[in-house]
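Asker: Got a predicted structure plus its sequence, pasted below:
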Amino acid sequence: MVPRYARPAMTAIWEPEARYRIWFEIEAHATEKLGELGVVPPSGAKALWDWWATNPVIDVAAIDAI
């Protein structure tokens, strides 16, 4: 993305924090469905969403270190 043409709202979408947040939400929703199908315990999705409620900030540096 060319910085001089990018608007703050546009660049916010492509920030690593936003990308990881969206990935987390997709995984949590998939876990909900897998819980409904009996593939994983139904409490698994609830545990993910509870974790997110207490840790809404993603540490990108820690993820990149892995």
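Answerer: Noted; the coordinates are in hand. Worth saying up front: this structure is predicted, and the values here are computed from it rather than measured. Residues are numbered from 1 along each chain as shown.
Asker: Contacts made by the top helix by length along the chain with the rest, please.
Answerer: Ranked by number of residues, the top helix in the chain under DSSP state H is helix 16-37. The set of residues external to helix 16-37 that reach it, using C-beta atoms under 8 Å, 6 or more residues apart in numbering, is 12, 40-45, 48-49, 52, 57-58, 60, 63. For every residue, glycine as well, the C-beta is placed using N, CA and C.
Asker: just checking, next helix/strand downstream of that helix?
Answerer: Heading C-terminal from helix 16-37, the first helix or strand you meet, by DSSP states H and E, is helix 43-54.
Asker: Any buried residues in that next one, and which?
Answerer: Within helix 43-54, the residues scored as buried using 16 or more other C-beta atoms under 10 Å are 45, 48.
Asker: by how many degrees do it and helix 16-37 diverge?
Answerer: 150 degrees (axes from the mean of the first three to the mean of the last three C-alpha atoms, to 10 degrees).
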